[in-house]
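**Q** Sequence and predicted model, in that order:
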Amino acid sequence: RGGDASFSARQGVCHKRRSLGRQRADRQPVAHSRPARTMGTLVGAIDQGTTSTRFLLFNPKTAKVVAEHQVEITQHLPDAGWVEEDPKEILHSVFECIEKTCDKLKQLGIDISSVKAIGVSNQRETTIVWDKMTGYPLYNAIVWLDLRTQSTVEKLINQGPKKDKNILQPQTGLPISTYFSAVKLRWLLDNVEAVKVAVAKQRAMFGTVDSWLIWCLTGANNGGIHCTDVTNASRTMLFNINTLHWDPDLCSFFGIPMNILPEVRSSSEIYGLMKCGALAGVPISGCLGDQSAALVGQMCFKPGESKNTYGTGCFLLSNTGQKPVMSQHGLLTTIAYKLGKNQPTIYALEGSVAIGGAIVRWLRDNLRIISSADEVEKLAASVGSSHGCYFVPAFSGLYAPYWDTTARGIICGITQFTSRNHIVFAALESVAFQTRELLEAMNKDSGIVQTTLRVDGGMTKNKIMMQLQADILGISVAKPAMAETTALGAAMAAGAAEGIGVWNLSGDSQSTTSWETFDPQIDIEESDKRFHRWKLAVQKSMGWATQDSDTDLL
């Protein structure tokens, strides 16, 4: 089973493009319909999210996208509250996006030798265990918003003397929650025989999505690099954010063998080279969890600078500098980035919401009251208000600032007048309300009152949503013209790495970024009234799923 060829055949991806990959690795010209030109330097970014994978190529001088491709990822829901994805599909989607983007680059007449580095941005916390001998995953990836570990979390909290969910906060910055990787890994060790056997035979490898991708892309069982970066490690609950190492006490607390953990590296350094495909031979030199990548892409390099990303969930991060700030108001303390081996570690406060943009997908795929995401803006605009209908999308419990795993989604305030348009509006409004809760907690913890909120992510394309956000917050919302800030952050980290050096992080390349600003159009009294009603609805969603409930997940 030796070598790169067997790896590519097992994965069912690389072998189809082997000749092209060798051409790229040897820097040989690739055949084009017209002579290829070298376009200075390009930097690639793998943006592997919860619902889709993308690959984008950036010009580091302008921070503009030159070519890109995107594919959706299938989510598997085998039981109530369970969310899984196939690691092989995730990997295949990355190869497909890279190949299709390179095809588009060739159609532009640009030689792929212009690509000098690749960065990785990924959905965080999602947990994968695979066999290092065969290269096969031993179970589906357990996605970050999966709830199957609810009873495990309750047991871990109750075994402490104070029954305190924040007992590990000084070491990790995090509450014990279904959200983070350690409890998902514990579930795999307890419930999947293949994982137990592989661990016993010392063949198991654990990683979040970044680790899985980098290991596979750099050769898998033929010399693949098993690593992660500090931002992803800080979301596992096994990593001490003060010492910047895997913590033996934390691993013991969760019963995790340390020999299956990846090496922790900085967010910007050369980890290894692509081993197959169109970009074989190109260094992978950047790695950031998606929300940290967006923080970098938004150029939030000074303490107090913040951004809010509307993706599958909703994530507000604020740079707190070189010292971790422990939240007193339900936020997370996390590592923002470490842009080089010898660069300082920068921390952030984070407010995390499980269901942001995912609510639109739920309206489409589950409730089926819309046929496409594009309908949402039109339907919401047609009514201009929820008319007293409130939607709390606690599908995975409530994250910040409540951290209540027993909460479940509710829609309340319905009358005979309520239509699907009102429910759609209430769904958008729920994201705006959740963001206000995060921002109020952030203002209290940081001591800095935000006067403008920088935003990015898929939902920012919806102008009704952005205006609604400004109205609910009572402050301006600023959206950059360059909306792909997550991928941009990964590309910046890759291009700035030692040994690459093609991206200047001083800000010159983004100094001309234009912004679209949304200012509040309702008075603060109206905003406060609606927010108060929302908080009443939140209280009604709590305590729904208990161990005695017939809807208990476990």
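**A** The structure has been received and is ready for your questions. Just so we're clear, the structure is a prediction, and the values are computed from it rather than from any experiment. Numbering: from 1, shown residues only.

**Q** Verify the stated contact: Asp86 with Thr74.
**A** Yes: contact criterion Cβ atoms under 8 Å: Asp86 and Thr74 qualify, at 7.0 Å. Heads up, the C-betas are built off the backbone N, CA and C, glycines and all.

**Q** Comparing the two, which shows the higher neighbour count?
**A** Set Asp86 next to Thr74 and count neighbours by other Cβ atoms under 10 Å: Asp86 wins out with 16 against 11.

**Q** how near is that one to Ser267?
**A** Distance of Asp86 to Ser267, computed by Cβ to Cβ, to the nearest Å: 27 Å.

**Q** go on, Ala400?
**A** 23 Å.

**Q** More neighbours: the two, which one.
**A** Ser267 (33 against 27).

**Q** Run a quick neighbour tally on Ile157.
**A** The number of residues packed near Ile157 is 18, by other Cβ under 10 Å.

**Q** buried set for stretch 52-66?
**A** Ser52, Thr53, Arg54, Phe55, Leu56, Leu57, Phe58, Asn59, Pro60, Ala63, Val65, Val66 (16 or more other Cβ atoms under 10 Å).

**Q** just stretch 459-472 next, same as before
**A** Residues of stretch 459-472 classed as buried: Met459, Thr460, Asn462, Ile464, Met465, Met466, Gln467, Leu468, Gln469, Ala470, Asp471, Ile472 (neighbour count, 16+ other Cβ under 10 Å).

**Q** Determine the longest helix present in the protein.
**A** Counting residues, the longest helix found in the chain (DSSP state H) is helix 420-446.

**Q** what does the following helix or strand past it rub up against?
**A** Under the assignment DSSP states H and E, the closest C-terminal helix or strand after helix 420-446 is strand 452-456. Here strand 452-456 makes contact (Cβ atoms under 8 Å, 6 or more residues apart in numbering) with 294, 297-298, 300, 305-310, 435, 439, 466, 469, 473, 475-480, 483, 485-486, 517.

**Q** Of the buried residues of stretch 52-66, which belong to helices?
**A** Among the buried residues of stretch 52-66, no member lies in helices (by DSSP H).

**Q** Out of these, which comes closest to Leu217?
**A** Leu217 has its nearest neighbour among the buried residues of stretch 52-66 in Phe55, at 11.7 Å by Cβ to Cβ.

**Q** Please name the bridge partners of the closest one.
**A** Counting by DSSP bridges, Phe55 forms beta bridges with Ile46, His69.

**Q** Go ahead and confirm it touches Thr101.
**A** Yes: here Phe55 reaches Thr101: they are 4.7 Å apart, a contact under Cβ under 8 Å.

**Q** which residues are in contact with both of the two?
**A** Gly44, Glu68, His69.

**Q** neighbours around the second one, how many?
**A** Pointing back at Glu68 there. For Glu68, the neighbour count with other Cβ under 10 Å is 20.

**Q** cool, the last one as well?
**A** The number of residues packed around His69, counting by other Cβ under 10 Å, is 19.

**Q** Could you list which residues are in contact with it?
**A** Arg54, Phe55, Glu96, Cys97, Lys100, Thr101, Lys104.

**Q** Of those, which belong to strands?
**A** Of the positions in these, Arg54, Phe55 sit in strands, assigned by DSSP state E.

**Q** Report the central residue of this structure.
**A** Residue closest to the average C-alpha location in the chain (Cα atoms, centre = their mean): Gln123, at 3.2 Å.

**Q** where do the helices sit along the stretch 51-200 of the chain?
**A** Shown for the stretch 51-200 of the chain, the helices assigned by DSSP state H, counting those that start in this stretch span residues 87-107, 150-158, 169-172, 181-191, 193-200.

**Q** Could you give the separation of the second one from the chain centroid?
**A** If I follow you right, that is helix 150-158. In terms of Cα atoms, centre = their mean, to the nearest Å, the centre of helix 150-158 is found 25 Å from the chain centre.

**Q** Could you list every helix and strand in contact with it?
**A** helix 181-191 (3 or more Cβ pairs under 8 Å, 6 or more residues apart in numbering; DSSP states H and E).

**Q** next one: the third one
**A** Using 3+ Cβ pairs under 8 Å, 6+ apart, the elements in contact with helix 169-172 are strand 239-240, helix 248-254.

**Q** Centre of the chain to the very next helix or strand once past the shortest one, how far?
**A** Scanning the chain past strand 239-240 towards its C-terminal end, the next helix or strand to appear is strand 245-246 (assignment: DSSP H and E). On the basis of Cα atoms, centre = their mean, the separation between the geometric centre of strand 245-246 and that of its chain is 21 Å.

**Q** For strand 245-246, which outside residues touch it?
**A** Contact with strand 245-246 is made by Ala233, Leu238, Phe239, Asn240, Met258, Leu261, Val264, as judged by Cβ under 8 Å, 6+ apart.

**Q** ok, that strand: who's next to it in the sheet?
**A** Partners of strand 245-246 in its sheet, by DSSP bridges: strand 239-240 (antiparallel).

**Q** contact partners of the partner strand?
**A** Against strand 239-240 from outside (Cβ under 8 Å, 6+ apart): Gln171, Thr172, Val230, Ala233, His245, Trp246, Asp247, Leu250, Val264.
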